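**Q** Fold the following and give me the result.
(one chain, ligands or ions: 1)
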Amino acid sequence: MTITSAIYPGSFDPITYGHIDIVRRAKKLFSSLLIAIVANPNKTPLFSIDERVAITEEALKEVGITGVEVISYDGLLIDCAKSYGVDAIVRGLRVNSDFDYEFQMALTNRDLDSDIETVFFMTAGRYSFLASSIVKEVKRYGGDVSSFVPKCVEQALVRKFAELNGKAA
Ligand code: ADP
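**A** Numbers count the residues shown, from 1 in each chain. Here you go, the predicted structure:
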């Protein structure tokens, strides 16, 4: 068996149980797993990069996942993957609409470095609808997101929206 290290990149704005499920499953398959949070995603993030790193670390701790390093990166994912010497990129697939983008990214990354494979994890049925954007939308209007994210993430969302509403007032 080949010992393989992997990187799981994303915006994690914020981390949800959908991400956490992928982390748990990827951890079983790879000898080491690194979560890489992109500092400047295409979409404007709710949380700063430092907040996203801190929330992700806290969430992993809350759910009892150890041994997964959380880092931030800017620029090309493949450069980050190379600088950490990983062999694989982990991504999750939820619905059909994820496929086109993921397919394009995987092929582009393979073109940039054919030694790094992208490995896809199919979502768990119960998280197939779950996205950070949905969690933010529900919490923005005070809804209960406890079945979507760990407690510390929900608290961070409450603080963030209170802060933003305070600024707007
Ligand atoms: P990005 O902006 O790079 O898509 P995200 O933080 O939204 O970053 O997602 C990171 C990865 O995690 C993506 O591959 C995404 O498909 C996957 N993912 C997010 N939510 C889920 C979920 N509920 N089930 C499975 N995979 C998921």
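**Q** list the contacts for Ala36?
**A** Contact analysis of Ala36 by CB atoms under 8 Å, 6 or more residues apart in numbering lists Ile7, Tyr8, Pro9, Gly10, Ile71, Ser72, Tyr73, Leu77, Cys80, Ala81, Tyr84. No exception for glycine: its C-beta is placed from N, CA and C like everyone else's.
**Q** Do a quick rundown of the helices in this structure.
**A** Taking DSSP state H, the helices of the chain run over residues 17-29, 49-62, 77-83, 96-112, 132-140, 151-168.
**Q** Please produce JSON lines containing those helices, extended by mean neighbour count.
**A** Below are these laid out as JSON lines (neighbours: other CB atoms under 10 Å):
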{"stretch": "helix 17-29", "mean neighbour count": "18"}
{"stretch": "helix 49-62", "mean neighbour count": "19"}
{"stretch": "helix 77-83", "mean neighbour count": "17"}
{"stretch": "helix 96-112", "mean neighbour count": "13"}
{"stretch": "helix 132-140", "mean neighbour count": "17"}
{"stretch": "helix 151-168", "mean neighbour count": "14"}
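**Q** JSON lines please, covering these and showing mean pLDDT and distance to the ligand.
**A** Formatted as JSON lines, these follow (pLDDT from 0 to 100; distance: least, CB to the nearest ligand atom, whole Å):
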{"stretch": "helix 17-29", "mean pLDDT": "97", "distance to the ligand": "2"}
{"stretch": "helix 49-62", "mean pLDDT": "98", "distance to the ligand": "9"}
{"stretch": "helix 77-83", "mean pLDDT": "97", "distance to the ligand": "9"}
{"stretch": "helix 96-112", "mean pLDDT": "92", "distance to the ligand": "5"}
{"stretch": "helix 132-140", "mean pLDDT": "96", "distance to the ligand": "5"}
{"stretch": "helix 151-168", "mean pLDDT": "92", "distance to the ligand": "13"}
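**Q** quick revisit: tell me the one among the contacts of Ala36 nearest to the ligand.
**A** Looking at the contacts of Ala36 and their distance to the ligand, the nearest is Gly10, at 2.6 Å (CB to the nearest ligand atom).
**Q** For Ile37, which of the helices of the chain is the nearest?
**A** Nearest of the helices of the chain to Ile37, taken as CB to CB: helix 49-62 at 5.1 Å.
**Q** and that closest one, how far from the chain's centre?
**A** Distance of helix 49-62 from the chain centroid (CA atoms, centre = their mean, to the nearest Å) equals 11 Å.
**Q** Use 233 as the first number for this chain going forward.
**A** Renumbered: residue one is now 233, and that last one reads helix 281-294.
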